[in-house]
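1. The amino acid sequence is not available; the structure is as follows:
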């Protein structure tokens, strides 16, 4: 009897865990910088491409935006984009592994905004 109950509970837990991974929520984090450096809250990868977008708003310098992934106990930069007056909007897709956390890190001595999202359908936060 105990083996049957344990097996049933194990199936339920595994099924719910799989359903959570498959039906993960679309998430987006946006950060603005004005002569500053900002880091967003994390989002969850969904076994699909997400998007990093960075926009230069004004000033004489660049806006740097990076995707950081949480790996082996620390945050590591996996992709960086740069926007400036010559190229004010830069966007790319990045494959985000399911079960992994990602966050946005953005810096500029001038003015800009950046967004990270775990789905590719949208064209940034604006």
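-> Yep, that arrived. In this text, all values refer to a predicted model and were calculated from it rather than measured experimentally.

2. Where does the prediction get shaky in the protein?
-> The chain contains residues with pLDDT under 70 at 1-24, 122-126.

3. where do the strands sit along it?
-> Here the chain has its strands, by DSSP state E, at 28-39, 43-44, 48-58, 63-71, 74-83, 89-96, 101-117.

4. The spatially closest residue to residue 39 that is not a sequence neighbour: neighbour count?
-> The spatially closest residue to residue 39, leaving aside those adjacent along the chain, is residue 105, at 5.0 Å (Cβ to Cβ, 6 or more residues apart in numbering). Where C-beta positions appear, they are placed from N, C-alpha and C, glycine not excepted. The local packing of residue 105 (other Cβ atoms under 10 Å) involves 19 other residues.

5. do you know how far residue 105 is from residue 47?
-> 23 Å (Cβ to Cβ, to the nearest Å).

6. Please compute how far stretch 76-87 lies from its chain's middle.
-> The chain centre lies 14 Å from the centre of stretch 76-87; the measure is Cα atoms, centre = their mean, to the nearest Å.

7. Based on its surroundings, how many neighbours for residue 74?
-> Look at residue 74: counted by other Cβ under 10 Å, it has 8 neighbours.

8. so it bridges to which residues?
-> Residues in a beta bridge with residue 74, per DSSP bridges, are residue 71.

9. List the contacts of the residue nearest to residue 39.
-> 37-40, 65-66, 68, 77 (Cβ atoms under 8 Å, 6 or more residues apart in numbering).

10. same question, residue 95
-> Per Cβ under 8 Å, 6+ apart, neighbours of residue 95: 48-50.
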